[in-house]
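[1] Kindly generate the corresponding structure for this input.
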Amino acid sequence: MSVNEVKIKPASVQFELRGTGPPSSRTFVIGDEDHTLGNALRHILINDARVDFAGYCVPHPSEPVVHVRVQTAATSGGGEGGLMATEAVKEACTTLENQCDFVLEELEKALPEVREDRVWMDRLVAEELQQAAMEEDEE
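    Numbering: from 1, shown residues only. The predicted structure follows:
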C-alpha cells in the first residue's frame, strides 16, 4: 500500500433516519456514500419548490457516510399534510435514477462499446451471485 492509499472500512450503518418533531424535517444518514450522491441529491431536492432547505455533509473523510438534511415547506395553517421529508427524498432518488438512466442511454447510443462493457459486467456480476448462492447451498 502506498502512502496515498487509504483503506476505508465499510460504514457501520447503511441507512439511518434522524430527527424529531415535524415529519417535514429530517436528516438521512447514508452509509458507504460520499459527496457524489450527497451533492446530486441536494441539487435535485433544492430544485423542488416544496423543499425549503436541502444540504449535505460528509462528517469526516475517513468515515464513509453522507448526511443529507431536508426541510420541506410547512403547510398553511400549521397543520400536517404537507410534503414529508421522506417523500421528498424518495422523489429525489427516483428523479436521480431517471436522469442517470437517460445519460447512460445517450452515452450508449453515442458509444456502443459502453453498452458492450455494461452487458459484460452485468453477466460477470450475475455469475458471481450464482456462484455465491451455490456455495451457500453447499454449506
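[2] so who does Arg18 touch?
    Shown in contact with Arg18 (CB atoms under 8 Å, 6 or more residues apart in numbering): Arg26, Thr27, Phe28, Val29. All C-beta atoms are positioned from the backbone trio N, CA, C, and that covers glycine.
[3] For Pro112, state which of these is nearest.
    Using CB to CB, Phe28 comes nearest to Pro112 of the contacts of Arg18, at 37.4 Å.
[4] In terms of helices and strands, where is that closest one?
    According to DSSP states H and E, Phe28 maps onto strand 25-31.
[5] Excluding chain neighbours, give the residue nearest to the residue nearest to the spatial centre of the chain in space.
    Nearest to the mean C-alpha position of the chain, by CA atoms, centre = their mean, lies Leu37 at 5.1 Å. Using CB to CB, 6 or more residues apart in numbering and skipping the chain neighbours, the partner closest in space to Leu37 is Val66 (6.1 Å).
[6] got the buried residues for the helix or strand harbouring Thr36?
    Thr36 is part of helix 35-46 when elements are defined by DSSP H and E. Buried residues in helix 35-46, counted by 16 or more other CB atoms under 10 Å: Leu37, Gly38, Ala40, Leu41, Arg42, Ile44, Leu45.
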